[in-house]
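In: Give me a 3D structure for the following:
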Amino acid sequence: MRTALWVWFIFINVVGYLVMSEDKKRARNRRERVPERTLFMLAAIGGALGVWIAMYRKRHKTRHLSFRIGIPLLLFVNAVLYAYFLS
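Out: This next block holds a predicted model:
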């Protein structure tokens, strides 16, 4: 169970980081964007750390209040749940 949870943690956070990075790239090129709902869903299902890191490394969505509050809140919830299931 622990191994599977670690694999999930790494996988979903890499996916969250890559999707957020791709959305930034699409924004610069004025192409069709990744819906914000998708970014929040990735964060909610365990990828908040990856989304949060990409948000600040790529300087993407940092002006959106919903992201400045929502992603850290989901990161906290993720941390609590991961800690619970890994203990």
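
In: Specify the local secondary structure of R31.
Out: On the three-state scheme (DSSP: H, G, I helix; E, B strand; the rest coil), R31 is labelled coil.

In: so how far is V15 from it?
Out: Remark: distance between R31 and V15 (C-beta to C-beta, to the nearest Å) = 20 Å. In short, each C-beta sits where N, CA and C put it, glycine included.

In: higher neighbour count, these two?
Out: Taking other C-beta atoms under 10 Å, R31 and V15 do not tie; V15 has more neighbours (16 against 10).

In: next one: the lengthiest helix in the chain to chain centre, how far?
Out: The single longest helix within the chain, with elements called by DSSP state H, is helix 2-28. Its chain's C-alpha centre and that of helix 2-28 lie 6 Å apart, by C-alpha atoms, centre = their mean, to the nearest Å.

In: What is the next helix or strand after it packed up against?
Out: Next helix or strand after helix 2-28 toward the C-terminus (DSSP states H and E): helix 36-42. If contacts are counted by 3 or more C-beta pairs under 8 Å, 6 or more residues apart in numbering; DSSP states H and E, helix 36-42 sits against helix 2-28, helix 48-57, helix 65-86.

In: Kindly compare burial across the ones you listed and name the winner.
Out: helix 48-57 (a mean of 21; mean count of other C-beta atoms under 10 Å).

In: can you state the direction angle for that one and helix 65-86?
Out: Angle of helix 48-57 versus helix 65-86, following axes from the mean of the first three to the mean of the last three C-alpha atoms, to 10 degrees, is 150 degrees.

In: relative to helix 2-28, how tilted is helix 48-57?
Out: Using the same axes, to 10 degrees: helix 48-57 against helix 2-28 is 30 degrees.

In: Mind giving me the packing neighbours of helix 48-57?
Out: Against helix 48-57 (3+ C-beta pairs under 8 Å, 6+ apart) you get helix 2-28, helix 36-42, helix 65-86.

In: Right, I'll call it a day here.
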